[in-house]
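A.B. asks: Pasting the sequence and the predicted model now:
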Amino acid sequence: MLEKQGKKIINLGIGQPDFKTPEHIVDASVEALKNGEHGYTEGKGILKLREAVASDIFKRRKVEVDPENIVIVPGGKVTMWHAIIMFGGEGKEIIYPNPGFPIYESVINYSGAKPIPIRLDIVDNFKINFEELESSINNNTSLIIINFPSNPTGGIISKKDMDKLVTILEKHPNIKILSDEIYSRILYDNTEFISLLEYPQIRDRLIILDGWSKTFAMTGWRIGYGVWPKKYVKVAERLNINSFSCTNTATQFAAIAALQGPQDSVDLMVSEFDKRRKIMVNYLNEIDGFKCNNSKGAFYLFPSIKETGISSDDMENILLNEIGIAAVSGNSFGSFGEGYIRFSYANSEKNIKLACKKIKQYSIKKGWNA
Ligand SMILES: Cc1ncc(COP(=O)(O)O)c(C=O)c1O
């Protein structure tokens, strides 16, 4: 809108990589179409793709997954939708991270279940507070959602904390778990990714959400996958068939090429993000009233702006209308996101530096935290 009026906006609001889908992936989809691969596929996806996902999981996590338990869907979001619709509903409670990806709370509400937020705070480096988690669980709890690396905080979970989480989950064998691992390959500072798949004791009630959108810069292709326990995989497939039949066929061929082809584009993207992350953390911490932690994953920073005395919504408006920067108000990610603002560093180093300088100049002029 503002751009249409001729105003230059630096977009630090967007949740998608500013990179191109690698050429060999695009070529694989074109070739598939030329080869006549344009009909329906199996509801849960082409076997060759599910096998490629299983091999990729084995390569990265040393965990065996039966391709029959994998359900290909049009985007990571769909696994979230399936799981919440399956385990939500009247009388149920679903625990989810807050601030967190906004769709969790929205779909929990839609399902009729009660959303039970788990507060993530910059003071704890956006880690799970296990006492709070335990006290939130009761007989109505049907599902716990976790997301590491996290949107919007960029937070991660350590092996020690994952062990703690699993110990709690073992005490509650009826509760299902949805682990949103969509940012699992976007990690910094040699951080190792820990997947809940590595804990066999909860596999019979664990759903993994992952996909291609972020890792391979494929947000618009719409493809993701869920790893489902044997007991629920047929229901997930039925939900696919009843709503969209199958995921776009040419896209499925592109996804095979993504997993089986060269991975240097992923490494390149992550190292580029890493450079920008370091620059941005330093710059943001120089702004009066901003406190930004050194996030280790995804491509977001979620500084606290509490000391500026400005609300998250007002900050979003000031940034956009007065400084020319798009960012997202912290409370778009839940009520505990108030007092924060989300910046994505899916933009050039030059633009990130310029944006931070502009905010700093403005903050000096207005005397934030004076
Ligand atoms: C935490 C999280 N999970 C899932 C998704 C959905 O990804 P997709 O575009 O593949 O549906 C996103 C997208 O922003 C996300 O941030």
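C.D. replies: Done, it's in. Because the structure is a prediction, the values reported are computed rather than measured. Residues are numbered from 1 along each chain as shown.
A.B. asks: Check the offset of the longest helix seen in the chain from the chain's centre.
C.D. replies: As assigned by DSSP state H, the longest helix anywhere in the chain is helix 264-285. Taking C-alpha atoms, centre = their mean, to the nearest Å, one finds the center of helix 264-285 at 17 Å from the center of the full chain.
A.B. asks: Looking at the next helix or strand after that helix now, give me its mean pLDDT.
C.D. replies: Going down the chain from helix 264-285, the next helix or strand is strand 300-301, by DSSP states H and E. Strand 300-301 comes out with an average pLDDT of 98.
A.B. asks: which element follows strand 300-301 toward the C-terminus?
C.D. replies: helix 312-317.
A.B. asks: Give me the buried positions along that following helix.
C.D. replies: Residues of helix 312-317 classed as buried by neighbour count (16 or more other C-beta atoms under 10 Å): Ser312, Met315, Glu316. Every C-beta, even on glycine, is put in place using the N, C-alpha and C of the backbone.
A.B. asks: what's the helix or strand following that helix in contact with?
C.D. replies: Sequence order places strand 325-326 as the next helix or strand after helix 312-317, per DSSP H and E. The contact list for strand 325-326 (C-beta atoms under 8 Å, 6 or more residues apart in numbering) reads Ile9, Ile10, Asn11, Leu12, Gly13, Ile14, Leu319, Leu320, Ala355, Lys358, Ile359.
A.B. asks: what about strand 325-326, distance to the chain center?
C.D. replies: On C-alpha atoms, centre = their mean, the centre of strand 325-326 falls 21 Å from that of its chain.
A.B. asks: Now do that strand, average pLDDT.
C.D. replies: 97.
A.B. asks: In its sheet, which strands sit next to it, and in what direction?
C.D. replies: With DSSP bridges as the test, strand 325-326 is paired with strand 10-11 (parallel).
A.B. asks: and whatever residue of the stretch 251-370 of the chain ends up closest to the ligand, how many neighbours does it have?
C.D. replies: Closest contact between the stretch 251-370 of the chain and the ligand, by C-beta to the nearest ligand atom, is at Ala298 (7.4 Å). Neighbours of Ala298 under the rule other C-beta atoms under 10 Å: 29.
A.B. asks: Do a quick rundown of the strands in the stretch 151-300 of the chain.
C.D. replies: Per DSSP state E, counting those that start in this stretch, the stretch 151-300 of the chain carries strands over the ranges 176-180, 206-211, 224-227, 300-301.
A.B. asks: Tabulate the ones you listed (CSV), appending distance to Lys114 and mean neighbour count.
C.D. replies: As requested, the strands of the stretch 151-300 of the chain are exported to CSV (distance: least, C-beta to C-beta, whole Å; neighbours: other C-beta atoms under 10 Å):
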stretch, distance to Lys114, mean neighbour count
strand 176-180, 16, 24
strand 206-211, 20, 25
strand 224-227, 24, 26
strand 300-301, 28, 26
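A.B. asks: May I see those arranged in CSV, with distance to the ligand as well?
C.D. replies: Shown next, in CSV, are the strands of the stretch 151-300 of the chain (distance: least, C-beta to the nearest ligand atom, whole Å):
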stretch, distance to the ligand
strand 176-180, 5
strand 206-211, 4
strand 224-227, 4
strand 300-301, 9
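A.B. asks: Go ahead and confirm the residue of the stretch 251-370 of the chain closest to the ligand touches Phe148.
C.D. replies: No. With contact defined as C-beta atoms under 8 Å, Ala298 and Phe148 do not form a contacting pair (9.2 Å).
A.B. asks: Could you tell me the phi and psi values at Ser142?
C.D. replies: When read as degrees, to the nearest 10, the backbone of Ser142 gives phi -110, psi -30.
A.B. asks: Near the ligand, which residues of the stretch 101-250 of the chain are found?
C.D. replies: Counting by C-beta under 6 Å from any ligand atom, the stretch 101-250 of the chain comes close to the ligand at Phe101, Asn147, Asn151, Asp180, Ile182, Gly211, Ser213, Thr219, Gly224.
A.B. asks: In those residues, find the pair that's most separated.
C.D. replies: Maximum pairwise distance in these, criterion C-beta to C-beta, is 17.0 Å, between Asn147 and Thr219.
A.B. asks: more crowded one of these two?
C.D. replies: Set Asn147 next to Thr219 and count neighbours by other C-beta under 10 Å: Asn147 wins out with 24 against 18.
A.B. asks: For the more buried one, give the beta-bridge partners.
C.D. replies: Going by DSSP bridges, Asn147 forms beta bridges with Asp180.
A.B. asks: Looking at it now. What's its pLDDT?
C.D. replies: 98.
A.B. asks: Please determine whether stretch 288-295 lies in contact with the ligand.
C.D. replies: No. Stretch 288-295 lies out of reach of the ligand by C-beta under 6 Å from any ligand atom, never closer than 13.7 Å.
A.B. asks: which parts of stretch 253-273 are buried?
C.D. replies: 253-259, 261, 265-266, 269-270, 272-273.
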